[in-house]
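Undergrad: show me how the following folds:
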Amino acid sequence: MYAIVEILGQQFKVEKDKKVYVHRLKNEEGSNVDFENVLLVDNDGDVKIGTPKVEGAKVSAKVLKHLKDDKVIVFHKKRRKGYAVKRGHRQYLTQILIEGINF
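TA: Alright, predicted model coming up:
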């Protein structure tokens, strides 16, 4: 059983007891959070597709920890011009544990 859920503008395929990294949530570590915007639910071949979301379906999760992703290096260069810029960026993430899919 899995579901496609939209979390902060991004779509994730989630299953029970699966850990997922999403953009930083405002919830504290250890708190529970419910996601109501479920786009698709598959229960062993019984697929329910929402228009745009499945009515009455929700995904419950627990916030495990807040962290930062690996550094992404952004390097710009123009050849023969002496121009080179190197920048880095680390995205703020939240690790959540999917506790259940209800529909």
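Undergrad: contact partners for the residue nearest in space to the middle of the chain?
TA: The residue lying closest to the centre of the chain (Cα atoms, centre = their mean) is residue 22, at 3.2 Å. Shown in contact with residue 22 (Cβ atoms under 8 Å, 6 or more residues apart in numbering): 7, 8, 10, 12, 93, 94, 96. Where C-beta positions appear, they are placed from N, C-alpha and C, glycine not excepted.
Undergrad: could you do residue 75 as well?
TA: Taking Cβ under 8 Å, 6+ apart, one finds 84, 85, 86, 87 in contact with residue 75.
Undergrad: any idea of the pLDDT on the last one?
TA: What the model reports as pLDDT for residue 87 is 98.
Undergrad: for it, which non-adjacent residue is spatially closest?
TA: residue 74 (4.7 Å; Cβ to Cβ, 6 or more residues apart in numbering).
Undergrad: show the subsequent helix or strand relative to the host helix or strand of that neighbour.
TA: Applying DSSP states H and E as the criterion places residue 74 in strand 72-78. Sequence-wise, the next helix or strand downstream of strand 72-78 (DSSP H and E) is strand 83-89.
Undergrad: what strands flank that following strand, and is each parallel or antiparallel?
TA: strand 72-78 (antiparallel) (DSSP bridges).
Undergrad: in the partner strand, which residues are buried?
TA: If you call a residue buried by 16 or more other Cβ atoms under 10 Å, then strand 72-78 has no buried ones at all.
Undergrad: now do stretch 57-74
TA: Neighbour-count burial for stretch 57-74 [16+ other Cβ under 10 Å]: 57, 58, 59, 61, 63.
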